[in-house]
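>>> Sequence plus the predicted model coming up.
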Amino acid sequence: MIGYDESEQLDVEPARYFVRVTKREKRACRRCSTVTAAPLAGRIVEKGLASDAVVINTIVAKYCDHLPLYRQAADSGRRRTGFRGEREKRSGVKTNTIPG
C-alpha cells in the first residue's frame with residue numbers, strides 16, 4: 001500500500017427534535033404523610049412545553065436571521081418533526097418571552 005487520498009467537504013446535520021423526560025424523586029414523610037419532590041430548574045417559559053433551547057432557537061431565527069414564524073413552521077414541517085400546530089406554538093413562545 002502506498003497511502004491514502006483524503007478529501008474534505010463541509011456537511012451539515014439538521015436540528016434533531018426530541019422529547020426530554022425529567023424524572024424527579026418524590027418522598028413521603030412517615031410521620032405527617034406529606035409528599036415532597038425536588039423543584040424543577042428555572043426555565044424561560046414556565047410550564048411551557050418548549051425547552052430553553054427551542055425558545056432560544058426560535059427567537060434567534062426570528063430576530064437575528066429574520067426568518068418569520070410561518071417560514072420556521074414550514075421548515076420544521078419539511079424536516080418531519082411530528083409537531084402539530086408548530087406556528088401557533090412558536091408564536092406563543094415569542095409572545096410569552098418578549099415583553100411588549
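On my side now, so go ahead. These numbers were taken from a predicted model, which means no experiment stands behind them.

>>> all strands of the protein, in order?
Shown for the chain, the strands assigned by DSSP state E span residues 26-28, 35-37.

>>> Compare the ones you listed and give me the one nearest Ala50.
strand 35-37 (22.1 Å; Cβ to Cβ). Placement of C-beta: from N, CA and C, glycine included.

>>> Show the average pLDDT along the closest one.
Averaging the model's pLDDT scores along strand 35-37 yields 89.

>>> Run me through the strand neighbours of it, direction for each.
Using DSSP bridges, strand 35-37 pairs in its sheet with strand 26-28 (antiparallel).

>>> and the partner strand, average pLDDT?
Strand 26-28 shows a mean pLDDT of 89.

>>> sorry, back to before: who wins for proximity to Gln9 among the strands of the chain?
Of these, nearest to Gln9 by Cβ to Cβ is strand 35-37, at 48.9 Å.

>>> which parts of that closest one are buried?
Neighbour counts over strand 35-37 (16 or more other Cβ atoms under 10 Å) mark no residue as buried.

>>> hmm, who's touching it?
With contacts defined as Cβ atoms under 8 Å, 6 or more residues apart in numbering, strand 35-37 is touched by 24-29.

>>> Would you state the helices of this structure in chain order?
Here the chain has its helices, by DSSP state H, at 52-63, 69-78, 86-97.
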